[in-house]
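*Asks:* Fold the following, please.
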Amino acid sequence: MIFVFYFLAAVLILLSWKSYAGGVEYLRFFRRELARGPSNYAPFATVFVPCRGLDNGLEENLAPLMSQAYPDYEVVFVVDSVNDEAVPVIGRFLKGGRAKMVVAGKTEGESQKVHNLRQAVLQASERSEVFVFADSDVRPANDWMRALVGPLEDDAIGCASGYRWFISEPRGFASELRSVWNASIASALGPNMKGNFCWGGSMAIRRSTFERVEMRERWRGTLSDDFAMTRAMNDNELAIAFVPRALSASVEGCGFRECLEFTTRQMKITRVYRSHLWKLTLVGSALFCGVMIWAAVLLFVQPVGSLAWLGALVTLLSVSILSIGKSVYRMLAVSLVLTEHAAPIRRQWPAQCTLWLLSPALFFFNSVCALLSRQILWRGIRYELRSPNETIVIGDPK
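*Replies:* Next comes the predicted model:
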């Protein structure tokens, strides 16, 4: 039996080494990209912002969208009802002619967000050459839009994407754990354009590409706007560029229940839209948890200095050093971009360098939940994910 442990421990150490090497390349990629000057490609663009309810710091999140360092653009806020709590906040940004609000109505056979976007894109200005998508719970930097649109000058790039970084406010264990969990996904993006994915809270696509791949029709019946966009890019052999400068802060806290709800929802969506990633996550998190627990037990029950004891010690130390190293490189990379949030980022170092030990257990829990159910609760609406193209709206309390 001990030889099974040795084999699994060797596999885990190898995977940890590959993850560490990925962290090194992640930092190098950020430095290369940030060293480049801003692109001159900046055609008239439309920014679509679906809103539902009052996000934490909603006004602070939306305000940067109105003052981007971008020559000419419009902002389209979209809600499902004029009675939505976000409407009074949105109203403060409608003066001046740059922004407008679209009321999409209630969804029937797709997520409310997708329904809102399918209605909003019909209201884009005829001048618009680029569609940009932003979420209401992230806070982009002043140069976010310029950075996100720039890569689209290359015709081989179908979509440019950023990602989110959670900053806990107020700070708490559950919030920090969610941030660490999310950070592991953020560092999966990088220079490999074939392996990248789109993230709906920070992505841009040329209007001509959007129409050519029939994206509005592809969204019909779906729950996830970004997974559907990723599939459209892959089907049409178009590259997805990850833009480090488009990494945006999501400043909010959460309780343990909210943490479990958010992370499990992401994994349920992943199971439906990219099942191979869900399977890898299930197996990988089970391997990590099983080997680390087994090693800890051996360390206590085996004679000190025995081969099994030394094997357990080497496993624990190797995985810990490599995992902490990966966290350090990732934090250094993120710190280069989120300079406006330097103080809260510094406060995240202890959590980022320790809670990696718990995040695989959370991933395993999420993956098992995704195996048992396809129902999710998102922005107050309960859905059932029948397939990538079939979403059932179970109920909306509003």
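*Asks:* Can you name the element that comes right after the helix or strand containing E74?
*Replies:* E74 belongs to strand 73-79 when assigned by DSSP states H and E. Using DSSP H and E, the next helix or strand after strand 73-79 towards the C-terminus is helix 87-91.
*Asks:* Neighbouring strands - and their directions - for the strand holding E74?
*Replies:* Here strand 73-79 has these sheet partners by DSSP bridges: strand 45-50 (parallel), strand 99-103 (parallel).
*Asks:* Rounded mean pLDDT for it, please.
*Replies:* Computed over strand 73-79, the mean pLDDT rounds to 98.
*Asks:* contacts for it?
*Replies:* Under the criterion CB atoms under 8 Å, 6 or more residues apart in numbering, residues 44-52, 62, 65-66, 86-87, 90, 93, 98-104, 116-117, 119-120, 123-125, 128, 132, 145 lie in contact with strand 73-79. For glycine as for every other residue, the C-beta is placed from the backbone atoms N, C-alpha and C.
*Asks:* one more time with 7 Å, if that's ok
*Replies:* 44-52, 65-66, 86-87, 90, 98-104, 116, 119-120, 123-125, 145 (CB atoms under 7 Å, 6 or more residues apart in numbering).
*Asks:* Please apply the same query to stretch 323-333.
*Replies:* When contacts are defined by CB under 7 Å, 6+ apart, stretch 323-333 is touched by residues 16, 19-20, 23-24, 26-27, 30, 183, 187, 349, 352-353, 356.
*Asks:* now with 6 Å?
*Replies:* For stretch 323-333, the surrounding residues in contact (CB atoms under 6 Å, 6 or more residues apart in numbering) are S19, Y20, G23, V24, Y26, L27, F30, S187, Q352, C353, W356.
*Asks:* Ends of stretch 298-311, what's the gap?
*Replies:* End-to-end distance of stretch 298-311 (CA to CA, to the nearest Å): 9 Å.
*Asks:* How far away from the center of its chain is it?
*Replies:* 41 Å (CA atoms, centre = their mean, to the nearest Å).
*Asks:* tell me which residues in it are buried?
*Replies:* Within stretch 298-311, the residues that count as buried by 16 or more other CB atoms under 10 Å are L298, L299, Q302, A308, W309, G311.
*Asks:* just stretch 257-266 next, same as before
*Replies:* C259, L260, F262, T263, T264, R265, Q266.
*Asks:* mean confidence for the stretch of helix or strand the last one belongs to?
*Replies:* The one in question is Q266. Assigned by DSSP H and E, Q266 belongs to helix 256-273. Computed over helix 256-273, the mean pLDDT rounds to 97.
*Asks:* likewise stretch 163-177?
*Replies:* 94.
*Asks:* which regions of the chain sit below the pLDDT cut-off?
*Replies:* Along the chain, the model assigns pLDDT under 70 to residues 396-398.
*Asks:* ok, now how distant is V24 from L332?
*Replies:* To L332, V24 is 10 Å away according to CB to CB, to the nearest Å.
*Asks:* can you check S175 too?
*Replies:* 22 Å.
*Asks:* For these two, indicate the residue with more neighbours.
*Replies:* Per other CB atoms under 10 Å, whichever of S175 and L332 has more neighbours is S175, with 22 against 14.
*Asks:* Phi, psi for the residue nearest to that one when sequence neighbours are not counted please.
*Replies:* In space, and not counting its chain neighbours, S175 is closest to S168: 3.5 Å by CB to CB, 6 or more residues apart in numbering. Main-chain torsions, S168, degrees, to the nearest 10: phi -70, psi 120.
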